[in-house]
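Undergrad: After the sequence you'll find the predicted model.
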Amino acid sequence: MIKNEEFQDEIGDNHVSLSAKNPVRDDAFDITDDEKIEKIKKDVESILLTLGMDLTDDSLKGTPNRVAKMFVKEIFGGLNPAKKPKASTFDNNYKYGEMLVEKNIIVYSTCEHHLLPIIGRAHVAYISNGTVIGLSKMNRIVEYYAKRPQVQERLTMQIVQELQIALGTEDVACVIDAKHLCVNSRGISDIESSTVTSEFGGKFKDNVTRREFLDYIKLETKF
């Protein structure tokens, strides 16, 4: 555990990840979702009261409960391995051997440094070696790993690794282009900038195959 608060702030402000896996404790699921909601509800209430908000106001009365349910059931629901989507795969009976690209998958995630939204698009591709996956499952894999406190580099890697396991091939690629509200709405407050991350496996490490993929998604960024 890093004790230096100034160094911790520097890591967060520069969006540096120290772990390739989400830092989840071993006892993360020892209590139920309902128990988590009750605990978070009290914490949110305490934050709002500390900020000076009047929680007797009709507009704010339900806010602690709404936020708690949103954290557990929605935006951080991907932390729970029980919610991991089953990757339905099939034999490639029609012998399609070219690249398959699923582009413009909407990404809604949350920066783990400031708990502010990351909003963007993921572009995912693979080349079958005998197995194909249902198109909607690619979207669901992106959604599952996005719905947790995240770092964009890690998210990109997790999507590729999950598809590599499901498809039994290294030939998987992912590019994410996203806006981070911790950059756009605070700190430097640069509303125009976005962050692009990529992970290329197997044949996608070849420049020709990689360029074909990037041409499909019309991304001009050079890697």
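TA: Sure, I can see it.

Undergrad: Quick test: name the residue nearest the centre of the chain.
TA: Ala146 (2.3 Å; Cα atoms, centre = their mean).

Undergrad: pLDDT below threshold where in this structure?
TA: When residues are selected by pLDDT under 70, those of the chain lie in 1-19, 219-223.

Undergrad: What are the boundaries of the helices in it?
TA: 5-13, 33-50, 63-69, 135-146, 152-167, 181-184, 207-217 (DSSP state H).

Undergrad: right, and the ones you listed - which one's nearest Asp190?
TA: With Cβ to Cβ as the measure, helix 181-184 is the member of these nearest Asp190 (5.9 Å). Every C-beta, even on glycine, is put in place using the N, C-alpha and C of the backbone.

Undergrad: other SSEs contacting the closest one?
TA: Counting contacts by 3 or more Cβ pairs under 8 Å, 6 or more residues apart in numbering; DSSP states H and E, helix 181-184 packs against strand 117-127.

Undergrad: Check which residues of the strand it packs on are buried.
TA: 117-118, 120-127 (16 or more other Cβ atoms under 10 Å).

Undergrad: need these in TSV with distance to Lys84, can you?
TA: Output for the buried residues of strand 117-127, formatted as TSV (distance: Cβ to Cβ, whole Å):
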residue	distance to Lys84
Pro117	22
Ile118	20
Gly120	22
Arg121	22
Ala122	17
His123	22
Val124	17
Ala125	22
Tyr126	19
Ile127	24
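
Undergrad: and which of those residues is nearest to Cys174?
TA: Using Cβ to Cβ, the buried residues of strand 117-127 come closest to Cys174 at Val124, 4.9 Å.

Undergrad: Contact partners for that closest one?
TA: Residues near Val124 by Cβ atoms under 8 Å, 6 or more residues apart in numbering: 101-103, 105, 138, 142, 159, 163, 172-174.

Undergrad: Show me which of these are buried.
TA: Buried subset of the contacts of Val124 (neighbour count, 16+ other Cβ under 10 Å): 101-102, 105, 138, 142, 159, 163, 172-174.

Undergrad: Would you mind measuring from Ile119 to Ser109?
TA: 8 Å (Cβ to Cβ, to the nearest Å).

Undergrad: wait, doesn't the residue nearest to the centre of the chain sit right on Leu79?
TA: No - counting by Cβ atoms under 8 Å, Ala146 sits too far from Leu79 to count as a contact (11.3 Å).

Undergrad: State the number of residues packed around Ile217.
TA: Neighbour count for Ile217, taken as other Cβ atoms under 10 Å: 18.

Undergrad: same question but for Ser88, I mixed them up
TA: Using other Cβ under 10 Å, Ser88 has 12 other residues around it.

Undergrad: quick one, what contacts it?
TA: Contact partners of Ser88, counting by Cβ under 8 Å, 6+ apart, are 133-134, 137.

Undergrad: beta partners of Val172?
TA: Beta-bridge partners recorded for Val172 (DSSP bridges): Tyr126.

Undergrad: So in the protein, which strand runs the longest?
TA: Counting by DSSP state E, the longest strand found in the chain is strand 99-111.

Undergrad: helices and strands around that one, which ones?
TA: The contact analysis (3+ Cβ pairs under 8 Å, 6+ apart) places strand 99-111 against strand 117-127, helix 135-146, strand 149-150, helix 152-167, strand 172-180, helix 207-217.

Undergrad: which residues sit against that strand?
TA: Residues from elsewhere that reach strand 99-111 (Cβ under 8 Å, 6+ apart): 15, 75-76, 116-128, 132, 135, 138-139, 142-143, 146-152, 155, 176, 178, 180-182, 209, 212-213, 216-217.

Undergrad: Appreciated, that's everything.
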